[in-house]
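Undergrad: turn this into a model:
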Amino acid sequence: GQDLALIGNSVINTGSLSAPGGEILLLAVPNAETVRLSQPGMLLSLEIEPTATGFITANSATTIDPLSLPQLLTQSDIGNATGLAVTPEGQILLTGSGLRLDPTPGLTAITGNLNSSSISQGGSIGLLGTQVIALSGELQASGDLGGGKIWIGGNYKGEGNLPNASQTFIGPEAQISANATLAGSGGQVIVWADDSTRFYGSIAATGGPQGGNGGFVEVSGKEYLTYRGSADVSAAQGQKGQLLLDPSSLSIIDSAPLPGSLDATLSTNGGTLNATDADAGANTVSWSQIGGSVDAADVILEATGDITIAAPLTSPAISNNLVIRSTQGSIRASTVATPLLLYVGELATVTLSANGDVTLGNVTLTNNATAQVGNLQITSLSGNISVGNIQTSYPYGSGDVTLTALAGNIQFASIDTSNGSGFGGTGGDVTLATNRGVVQGTGTAASGATIDTSSVNAAGNITITHGGGPNNWAFQVGLPTFNGTAGALNAA
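TA: Take a look at the predicted model:
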């Protein structure tokens, strides 16, 4: 495919750009003096140069209707301008017109369509600059044999050689797709900013209807993230893909009664968008915003710092894997006195992983279907795990529970993965492991046992590995003071 690049001090597009199977690049470089619109092998090109005063010199009220690139390249009365601006009606005004919007150096903004789709592998699209805005329009990098790649504001986790945006905004009318439309896997879509990302649009990176896996989607702001949109990485004939949300710190709140500070409805001020406005409050994501994504993808909520789970919390149905991970901080409930209730399907695993401590209250996994409950995994790489009563007991099959503290201790009240019904369900396995620390079960479940994996059909296994702590304490059933459980271990 052919490539198409728009590079300048600021780049604003309201028309339609197409490079089937090729690459479309919109790159705003602060202090660049010329915007050049061109296509390889074509004689026509357009250069827009700033004047000495920084404003247009004639006909400041001139407007241009949204045009496709060929029409724009043949336009003869544009004149020298510092850039182009977009009105809420979809018109373009030359800088200095009645709208009085001066494009910020490094600004890339679009309201039009970008298409690098192909009858083979989808192409690529890059929206790059210091501030990147996609208010509306369609960004398509789909292909019959596989989705392409779309980079908005940077590459995966801000790594690599692509320039990173400070702020990235995706409006509710923006539709981004890197689908496999026939047979093949979905593509890759990255939305990134070093400071804040506000995402209200939709992304699809689906596998082909005749075969192929779902793609990979990341929506991340290194410091602040607002996620109010949707992502679909499903696959009709293959494995579902992944959605990664990755701010610096994160609070997960219930869906009601109030939305999170970063879930606020997009506000407008006379139709003006200020992409550099700072986000207010802590990074909060509600279950109502990620619920639909969990239904269509394996979802990863990742933060470099601490993650707080506001309790009490009731999740929507989780039918795929959900990973909540802090790479450098801890995971904790806002209060350990109130419970977390998670609806987890039989094929799903909820994983909480932190470099530091994991501190939670009571955790219950259940299901709203006639199927087994999913599994719970909690891991601390360098800290301790402290949790209340854990219950995955369910009539149609109980979930497994795995607690792993590589360098610290494990403390819990009780773990109940039993199954006493006649519906054919089995008890869940319980695996507790520390390399150097101790394991303390301080309470009992309803049966009187501290760990209960019993079942009328097939009981779950209980596996405990410990390091004994600094004094190499032996594990004792009935004595949790140093290393052991308060009650019995029931795997009958």
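
Undergrad: can I assume L360 is in contact with V336?
TA: Yes: using CB atoms under 8 Å, L360 is in contact with V336, at 6.6 Å. For the C-beta atoms, the positions are set from N, CA and C on the backbone; glycine is no exception.

Undergrad: neighbour count winner among the two?
TA: With neighbours defined as other CB atoms under 10 Å, L360 and V336 compare such that L360 has more, 21 against 15.

Undergrad: ok, the more buried one - contacts?
TA: 309, 331-333, 336, 340, 352, 378, 386-388 (CB atoms under 8 Å, 6 or more residues apart in numbering).

Undergrad: Throw those into TSV and include distance to P470 and secondary structure, thanks.
TA: Listed next are those as TSV, based on distance: CB to CB, whole Å; DSSP: H, G, I helix; E, B strand; the rest coil:
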residue	distance to P470	secondary structure
I309	31	strand
I331	25	strand
R332	25	strand
A333	28	strand
V336	26	coil
L340	32	strand
L352	26	strand
I378	23	strand
S386	18	strand
V387	22	strand
G388	26	strand
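
Undergrad: is there a quick ChimeraX command that grabs whichever of those are buried?
TA: Buried members of the contacts of L360, defined by 16 or more other CB atoms under 10 Å, are picked up in ChimeraX with:
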select :309,331,332,333,340,352,378,386,387,388
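
Undergrad: got the phi/psi numbers for G208?
TA: phi -70, psi 150 (degrees, to the nearest 10).

Undergrad: wouldn't it be in contact with G215 here?
TA: No: at 10.8 Å, G208 does not count as touching G215 under the criterion of CB under 8 Å.

Undergrad: what touches both of these two?
TA: 179, 185.

Undergrad: and these two? which has more neighbours close in?
TA: In this view G208 and G215 are compared by other CB under 10 Å, and G215 has more residues nearby, 34 against 25.

Undergrad: quick one: contacts for that one?
TA: Neighbouring residues of G215 by CB under 8 Å, 6+ apart: 147, 178-179, 185-189, 205-207, 233, 241.

Undergrad: narrow these to those in strands?
TA: Among the contacts of G215, DSSP state E puts 188-189 in strands.

Undergrad: list the contacts for I190?
TA: Taking CB under 8 Å, 6+ apart as the test, what I190 contacts is 149-156, 217-218.

Undergrad: from the contacts of G215, which is closest to P247?
TA: Nearest to P247 among these, counting by CB to CB, is V189 at 17.5 Å.

Undergrad: still on that earlier bit, quickly list what's touching both of L360 and V336.
TA: The contact sets of L360 and V336 overlap at 386, 388 (CB under 8 Å, 6+ apart).

Undergrad: and the residue nearest the centre of the chain, what are its bridge partners?
TA: Centroid check for the chain by CA atoms, centre = their mean gives L245 as the closest residue, at 2.5 Å. Taking DSSP bridges as the rule, L245 bridges to V219, L301.

Undergrad: all strands of the stretch 1-150 of the chain, in order?
TA: Along the stretch 1-150 of the chain, the segments classed as strands by DSSP state E, counting those that start in this stretch run 4-8, 11-13, 16-18, 23-28, 35-38, 45-48, 63-64, 84-86, 92-94, 107-110, 113-115, 124-128, 131-140, 149-152.

Undergrad: gap between G361 and S334?
TA: G361 sits 10 Å away from S334 when distances are taken as CB to CB, to the nearest Å.

Undergrad: residues contacting Y343?
TA: By CB under 8 Å, 6+ apart, the contact list for Y343 reads 314-318, 365-368.

Undergrad: which element is it on?
TA: strand 340-344 (DSSP states H and E).

Undergrad: that strand: how far from the chain's middle?
TA: In terms of CA atoms, centre = their mean, to the nearest Å, the centre of strand 340-344 is found 20 Å from the chain centre.

Undergrad: what strands flank it, and is each parallel or antiparallel?
TA: By DSSP bridges, strand 340-344 pairs with strand 313-318 (parallel), strand 363-366 (parallel).

Undergrad: contacts for the shortest one, please.
TA: When you say that, I think you mean strand 363-366. By CB under 8 Å, 6+ apart, strand 363-366 touches 339-344, 350, 373-376, 387-392, 394, 399.

Undergrad: please apply the same query to stretch 478-485.
TA: Residues from elsewhere that reach stretch 478-485, judged by CB under 8 Å, 6+ apart: 438-442, 450-451, 466, 468-469, 471, 473-477, 486-488.

Undergrad: hmm, try it at 10 Å
TA: 409, 411-412, 414-415, 432, 434, 437-444, 449-451, 464, 466-469, 471-477, 486-489 (CB atoms under 10 Å, 6 or more residues apart in numbering).

Undergrad: check which residues of it are buried.
TA: 480, 483-485.

Undergrad: likewise stretch 230-250?
TA: So for stretch 230-250, counting by 16+ other CB under 10 Å, buried means 230-235, 238, 240-250.
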